[in-house]
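Q: I'd like to go over a predicted model; first the sequence, then the structure.
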Amino acid sequence: MIESPAVELAHEGRWLVFGASGYVGGHLVPRLLGEGRAVRAVARNIKTLEGRGWEGAELASGDALDPASLPAVLEGVDVAFYLVHSMAAGRGFAELDLQAARNFSEAARNTGIRRIIYLGGLVPPEPESEHLQSRADTGAVLRDSGVPVTEIRAGIIVGPGSAAFEVIRDLVNNLPFMITPKWVRSRTPPIALGNLLEYLARVPEVPQTAGKTYDVAGPEMLSYEDLMRQFGECVGKRPGILPVPVLSPGLSSRWLGLVTSVPSAVARALIGGLSHDIPAQPEPLRRLVPQDLLNFREAVRESLQMERDNAVAGRWIEGALMFRGFRSDHAYYAKKSCGQATTGASLENIWKVVCSIGGRNRYFYMNALWTLRELMDWLVGGPGFMRARRDPCELRVGDYVDSWQVVAMEPGRRLTLGFGMRAPGSGVLEFELMPQGERNVLSATLYWHPAGVWGLLYWHALAPLHTFILEGMSSAIVRRAERLCNAEDDRVVV
């Protein structure tokens, strides 16, 4: 049997994943690579892709809000997956989405792209949600390019890192009893991440999907209350749920910000789409791309197994089980505090100081507070006063630095330490060195994956102090690096 030219071209051409650092893009790229595709993965910051371990993928930097960056990443592309949204930007995200789509549409019009695959969201007959309306409007703008667009509309995606799924996980893990808004009775058809990826990977091979819009969904239509109860059954919890009519969408988004780790801007956008049922008509694409669809319980179990199978990461990656203490009940999304300093010291000298952290050098700034924290840990049976290093100046993956452990390392560029003291959650401290013109920048970032409400309270109570300490630590490290230039023995950090 001879394939049609459209199918043959889809097999042989270069496939672009635009938005590869996002949730779906981050899973789609390795899926396509595993099928032998020629993949160009694009994100605004290429550094977010470099630690993913995607062997064979061409990595590139491109921003849909920067039109000048688009022609180069679209050059030589046959199929483009457009997976961009701006929910995390907060208010005004809808206009950002439309501007990004206009820029991409204009650039695509001037290239040889044969197909755009756009992942949008299910849209009810009369959408009240800015988030849902924005997804539909984005698809319309992309179609203005004149390039055939296949729009895939999905509801809740069941997989680790999906914002809606992580809201469900956090609520069930954090709250044994919850008073919820009435939207928990609204119904939606969730779809397993694996099923969604199968649709995305297959539609470029089906010529008749060009220029069409398709709903995708799993085999069940469930309320959010059903989703939480079924997730609880999968993880051995039975949450009490009491819906009340007095929580508005605004109050609901603030409430989610307190009891989940999903970024508040994303949670606020999601809430707007939960006020009514969101039905789907998935049969047309099911006929063209048949597959076994997982129900919600099966999708949850697959998600948890997916985390276990990918538990070890080469560096800090949002949600990696390794950096959540290998605990799936620790929040997927991390809270974050950061401090940085700019210096004329060389990257080599900054790296020497960073690698001397702990032991007799302590932590360069506010050591009395570090000692107090160690004392508190020791009093509850933790390793707080364990002050030891294998070598006073050199580090390797697996080394202990007092109660911390080196969990990832890129010499001269990045050092990642896992938090070892007792606390309600899992933490990572990461130092990153970056050239900036004629000077260099050191950033120190603390990522915290809370365990339940106590983990969130712990974070909120200490967040201002974290920022203060990280800023001071970064400045103290670069000052030492500047003095190190004059040290007689480069193994002595002054």
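A: Nice, I can see it.
Q: Low-confidence bits of the stretch 201-350 of the chain, can you list those?
A: 246-254, 264-265, 267-275, 311-316 (pLDDT under 70).
Q: Show me the strands in it, by range?
A: Assigned by DSSP state E, counting those that start in this stretch, the stretch 201-350 of the chain shows strands spanning 213-216, 222-223, 240-244, 335-343.
Q: Can you give the contact residues for the shortest one?
A: Just to be clear, that refers to strand 222-223. For strand 222-223, the surrounding residues in contact (Cβ atoms under 8 Å, 6 or more residues apart in numbering) are V184, R185, S186, R187, T188, P189, P190, Q230, F296. No exception for glycine: its C-beta is placed from N, CA and C like everyone else's.
Q: Surely the third one and L227 touch.
A: No: counting by Cβ atoms under 8 Å, S186 does not reach L227; the two are 10.6 Å apart.
Q: picking that back up, out of the strands of the stretch 201-350 of the chain, which comes closest to A388?
A: In terms of Cβ to Cβ, the element of the strands of the stretch 201-350 of the chain nearest to A388 is strand 335-343, at 25.8 Å.
Q: Kindly list the longest helix within the protein.
A: helix 452-484 (DSSP state H).
Q: Secondary structure and neighbour count for the contacts of strand 222-223 - can I get that in JSON lines?
A: Output for the contacts of strand 222-223, formatted as JSON lines (DSSP: H, G, I helix; E, B strand; the rest coil; neighbours: other Cβ atoms under 10 Å):
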{"residue": "V184", "secondary structure": "helix", "neighbour count": "20"}
{"residue": "R185", "secondary structure": "helix", "neighbour count": "13"}
{"residue": "S186", "secondary structure": "coil", "neighbour count": "17"}
{"residue": "R187", "secondary structure": "strand", "neighbour count": "17"}
{"residue": "T188", "secondary structure": "strand", "neighbour count": "26"}
{"residue": "P189", "secondary structure": "coil", "neighbour count": "22"}
{"residue": "P190", "secondary structure": "coil", "neighbour count": "29"}
{"residue": "Q230", "secondary structure": "helix", "neighbour count": "19"}
{"residue": "F296", "secondary structure": "helix", "neighbour count": "23"}
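Q: Tell me the one of those nearest H466?
A: Looking across those and measuring by Cβ to Cβ, the closest to H466 is V184, at 33.7 Å.
Q: The closest one: what's it in contact with?
A: By Cβ under 8 Å, 6+ apart, the contact list for V184 reads S223, Y224, E225, M228, I241, P243.
Q: how close does the first one get to N174?
A: It refers to S223. Distance check for S223 against N174: by Cβ to Cβ, to the nearest Å, it reads 20 Å.
Q: Look at Q405 and tell me its secondary structure.
A: For Q405, the assignment made with DSSP: H, G, I helix; E, B strand; the rest coil gives strand.
Q: Not counting sequence-adjacent ones, nearest residue to it?
A: G418 (4.7 Å; Cβ to Cβ, 6 or more residues apart in numbering).
Q: got it, and L70?
A: Nearest non-adjacent residue to L70, counting by Cβ to Cβ, 6+ apart: A107, 3.8 Å away.
Q: Would you agree the one you found is in contact with P71?
A: Yes: at 5.9 Å, A107 and P71 qualify as touching, with contact defined as Cβ under 8 Å.
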